[in-house]
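no letters, just coordinates:
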């Protein structure tokens, strides 16, 4: 007969840590990779916010005396073909990546929620129209749609944010719609109806909060891909315009030409992109496991 | 299906026309001051002075007749520009798909069967990092490695002499694209396999004394593959996103890089036809996957 030690089993399941710091401590212990991702994300945000304090150089100042200098004490990660400090540019580039990541995820998620909620709650022709548009948007790869949109809108930060946010709408609205359809049949919605609540109020006050968990999971998962898409757009020369230090742009200036002569121009911006995306993916995975255990894989 | 394609054609067409500045502006900007009459003439010649609705109908009716118009830049028929590039991109996509499924599926199964072990953990971190590396950066790293090892970079040659040369030309970029895709395939295989392994019939199989190997690879694998096939099918069409940057890095004259070039030049006939082509491929692939799914899974029958 196996002997079950209830105390240790309960401890392992986190029964002692129900809320507050203890709960956070328990989760951090249980989701080591997720915690690691969170640390990367916090560092990333902190870097973006305090970029001016961290770097000694201005990311835009051209210094023709020190063109293509290899990494040294003066320039930690070397300089680019204009003599601009790579470390300073990467640190300031975090701002652009963060702005695009958060900006387009928020915009895409907000529009997606509105469309999904309206589609699932109102059904009928509204649903039909939205579903058709969703189908249309989903049959083009994210990068292709974003490319055509930035080409149409013109390269600038707000336009890049919009161009990446639009292709996100269908992904979000599908999930919200499916959730709304299931929630609509729940007894608490019926109860709200029976006491005479308006449809809009039910949708916003009762249905919406119940779709928040999958929404947060989805939004975090999308954060990484928005950062990657911005990097790709800028790499292709259709994203953030010069002279702003976008990580993708830094790679395109340096591309094949500097693979031989100045490898630091190729390595460091790529490390920055990968690290930011890796952090958000790790964190997103852990968040999914915590908030949406049914999807745990 | 046709409603979707029609919708895409309208969206792309309108998007390309709201752009301030068409190719005429770009050409004339570079030349400095020019006679406005010349500009108007050129616009008329390219059909840009007609109302947008007329331009749209001209395009669609041409498309249905197999006439895609002329490239503004090269002045050759768009079809002639696009057709020779399709096989290049198709070969790349096919190879990338082959790599990623032959790496991703086995690793996903291994990861699921050994769930919670150190091996599973390592494989999961590797696959997550695969999803985090931008494929253009991976391509640049490969170029860098090839320079430091062989002193040279692989250069695209449209007519490779030997099979090995052909393989090298396509395999390296395909690996760069396929890595990310392999990571995705692995994750899906793993979660699908785990889902199946939790089901009652698996417990029954174990209870009646079937061996681990038989349970994992005979009972579970068959059912676990169903969602994997769907996702591979859907994502395969989306490989084009990865190919856009990879073709640019490796200087491969496929349709993905051509799209970027045409966008830079505002070469509308090329852009709108290429995007339509991509959309047709995506929609058609989805359709085939649906059929395939019904053929493999006896529980799904259309029309019931």
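Done, it's in. Everything quoted here is computed from the prediction, not taken from an experiment.

where does chain B have low pLDDT?
B:19-34, B:45-47, B:300-304 (pLDDT under 70).

can you name the residue of it nearest chain A?
residue B:191 (3.1 Å; Cβ to the nearest Cβ). Just so you know, the C-beta spots here come from the backbone N, C-alpha and C atoms, and that holds for glycine as well.

what's the first helix or strand after the lengthiest helix in chain B?
Longest helix of chain B, by residue count under DSSP state H: helix B:163-197. Per DSSP states H and E, the first helix or strand lying C-terminal to helix B:163-197 is helix B:200-207.

ok, and what's touching that following helix?
B:196, B:214, B:215, B:219, B:220 (Cβ atoms under 8 Å, 6 or more residues apart in numbering or on different chains).

so the first one makes contact with residue B:224?
This means residue B:196. Yes - the pair residue B:196 and residue B:224 qualifies as a contact (Cβ atoms under 8 Å) at a distance of 4.5 Å.

related to what we said a few turns ago, check the spacing between the residue of chain B closest to chain A and residue B:184 real quick.
From residue B:191 across to residue B:184, the span is 11 Å (Cβ to Cβ, to the nearest Å).

and if you look at residue B:242?
Distance from residue B:242 to residue B:184, counting by Cβ to Cβ: 10 Å.

repeat that for residue A:9.
36 Å.

with residue A:163 instead?
For residue A:163, the distance to residue B:184 equals 23 Å [Cβ to Cβ].

where do the helices of the stretch 101-250 of chain A begin and end?
A:124-138, A:142-153, A:157-184, A:187-194, A:199-201, A:208-210, A:212-235, A:247-261 (DSSP state H, counting those that start in this stretch).

still on that earlier bit, neighbour-wise, which of the contacts of helix B:200-207 leads?
Counting neighbours by other Cβ atoms under 10 Å in any protein chain shown, the top entry in the contacts of helix B:200-207 is residue B:220, with 25 neighbours.

list the residues that contact it.
Neighbours of residue B:220 in contact, by Cβ under 8 Å, 6+ apart: B:193, B:196, B:197, B:202.

need the residues you listed in JSON lines (columns: distance to residue B:133).
Formatted as JSON lines, the contacts of residue B:220 follow (distance: Cβ to Cβ, whole Å):
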{"residue": "B:193", "distance to residue B:133": "24"}
{"residue": "B:196", "distance to residue B:133": "30"}
{"residue": "B:197", "distance to residue B:133": "30"}
{"residue": "B:202", "distance to residue B:133": "35"}
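
please enumerate the helices of the stretch 51-200 of chain B.
All helices of the stretch 51-200 of chain B, identified by DSSP H, counting those that start in this stretch, fall at B:52-65, B:78-82, B:86-113, B:118-132, B:135-150, B:163-197, B:200-207.

need the contact list for the closest residue to residue B:10 other than its chain neighbours.
Distances taken as Cβ to Cβ, 6 or more residues apart in numbering or on different chains put residue B:56 closest to residue B:10, at 7.5 Å, once the chain neighbours are dropped. Listed by Cβ under 8 Å, 6+ apart, the contact set of residue B:56 reads B:9, B:10, B:13.

and those as TSV, adding neighbour count?
Formatted as TSV, these follow (neighbours: other Cβ atoms under 10 Å in any protein chain shown):
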residue	neighbour count
B:9	19
B:10	13
B:13	20
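
which of those residues fall in strands?
Among those, none falls in strands (DSSP state E).

what about residue 135, neighbour count?
Assuming you mean chain A. Residues near residue A:135, counting by other Cβ under 10 Å, number 17.

meant chain B, my bad for not saying
So residue B:135, with other Cβ under 10 Å, has 26 neighbours.

one more: residue A:107?
If you count neighbours by other Cβ under 10 Å, residue A:107 ends up with 19.

so who does residue A:31 touch?
Counting by Cβ under 8 Å, 6+ apart, residue A:31 makes contact with A:286, A:289, A:290.

oops, could you answer that again for residue A:96 instead?
A:157, A:230, A:240, A:244, A:245, A:246, A:247.

list the buried residues in stretch B:65-73.
Residues B:68, B:69, B:70, B:71, B:72, B:73 are the ones in stretch B:65-73 that count as buried (16 or more other Cβ atoms under 10 Å in any protein chain shown).

cool, and stretch A:51-64?
Within stretch A:51-64, the residues that count as buried by 16+ other Cβ under 10 Å are A:51, A:55, A:57, A:59.
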